[in-house]
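Chemist: A predicted structure for the sequence below; I have some questions about it.
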Amino acid sequence: MEEQAVETTVYSLARSAPVQPDRRHSDRFLSLLRVGAIVVDGQRELCLIRNISAGGMMIRAYTDIPVGTALSVELKQGDPVKGVVKWVEDGLTGVTFDSPIDVLLLLSPPGDGPRPRLPRIEVDCVAWVRQDGDIVRIRVLNVSQGGLCVEARSPLTVGADVVVTLPGLTPAAGVVKWTDGGAYGVAFNRALVLSDLVGWLQEQQDQRRRAVA
């Protein structure tokens, strides 16, 4: 049976700020977004963070914030990041940071504390899915330790057992959990090893930097 897709905060390795949203998914996703704190004109307010990249973020604010407004956001305790509102649409607000941040550093815990499981990280790479003996080329949209969201050239079957091969990582078995507008959600049967995934993401980040150098 197809499960409802869940919208959680997505972290991106891109240096650009998040673009305005795709309305296809506005009503079909269960939202479990990270709560953030922003400071506007000296006033501290809460917001829901939908997407964070090295260059900016997309938030759902609880008050109207005009385009051009300067603000700061606390992404880690005691470490505010400054930015400017670039667009507002359908209750969402796009913010461009004054200076790029290191997304992987943002996700690391302070001091020697235990590292939590990584949330979804937005990527853009080619991978492959084996389903019923067929190999399907896919485009990976985001990945976490527990699964990934992909676009496939050939249809995937909800409920099917699959094996996903990301270049540079050990193939991972999983199950297709949902589909929406050409996108598919795959849950891994066993969580990816954190150190392997972090190393792979760092390589993806380095590739992006080399591409724009």
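Modeler: Here it is on my side, so go on.
Chemist: burial check on the nearest residue to Phe188 once chain neighbours are set aside, number of neighbours?
Modeler: Distances taken as CB to CB, 6 or more residues apart in numbering place Gly174 nearest to Phe188, at 4.4 Å, with adjacent residues excluded. C-beta coordinates here come from the backbone N, C-alpha and C atoms, glycine included. Gly174: 20 surrounding residues under other CB atoms under 10 Å.
Chemist: Gly174 and Arg190, how far apart?
Modeler: Counting by CB to CB, to the nearest Å, the gap from Gly174 to Arg190 is 9 Å.
Chemist: try Val163
Modeler: 12 Å.
Chemist: from what I see, Arg190 and Val175 are in contact.
Modeler: No: if you go by CB atoms under 8 Å, Arg190 and Val175 don't touch, sitting 11.6 Å apart.
Chemist: which one's more surrounded, the two?
Modeler: Using other CB under 10 Å, the more surrounded residue of Arg190 and Val175 is Val175, with 16 against 10.
Chemist: which non-adjacent residue is nearest Trp128?
Modeler: Nearest residue to Trp128, sequence neighbours excluded (CB to CB, 6+ apart): Thr165, at 4.7 Å.
Chemist: dump the residue contacts of that neighbour.
Modeler: Ala127, Trp128, Val129, Arg130, Pro171, Ala172 (CB atoms under 8 Å, 6 or more residues apart in numbering).
Chemist: kindly recompute the last result at 10 Å.
Modeler: By CB atoms under 10 Å, 6 or more residues apart in numbering, the contact set of Thr165 is Ala127, Trp128, Val129, Arg130, Ile135, Ile138, Pro171, Ala172.
Chemist: partners of the one helix or strand the second one maps to, with directions?
Modeler: Secondary structure from DSSP states H and E places Trp128 in strand 120-131. The partner list of strand 120-131 in its sheet, established with DSSP bridges, is strand 10-12 (parallel), strand 134-143 (antiparallel), strand 161-165 (antiparallel).
Chemist: C-terminal to the last one, what's the next element?
Modeler: Per DSSP H and E, the first helix or strand lying C-terminal to strand 161-165 is strand 172-180.
Chemist: what residues sit buried inside that following strand?
Modeler: Buried residues in strand 172-180, counted by 16 or more other CB atoms under 10 Å: Ala172, Gly174, Val175, Val176, Lys177, Trp178, Thr179.
Chemist: need these in TSV (columns: distance to Phe97 and pLDDT).
Modeler: Output for these, formatted as TSV (distance: CB to CB, whole Å; pLDDT from 0 to 100):
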residue	distance to Phe97	pLDDT
Ala172	33	96
Gly174	34	97
Val175	37	97
Val176	36	96
Lys177	33	95
Trp178	32	94
Thr179	34	93
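Chemist: could you dump these to JSON lines with distance to Arg153?
Modeler: Below are the buried residues of strand 172-180 laid out as JSON lines (distance: CB to CB, whole Å):
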{"residue": "Ala172", "distance to Arg153": "20"}
{"residue": "Gly174", "distance to Arg153": "18"}
{"residue": "Val175", "distance to Arg153": "20"}
{"residue": "Val176", "distance to Arg153": "15"}
{"residue": "Lys177", "distance to Arg153": "19"}
{"residue": "Trp178", "distance to Arg153": "18"}
{"residue": "Thr179", "distance to Arg153": "14"}
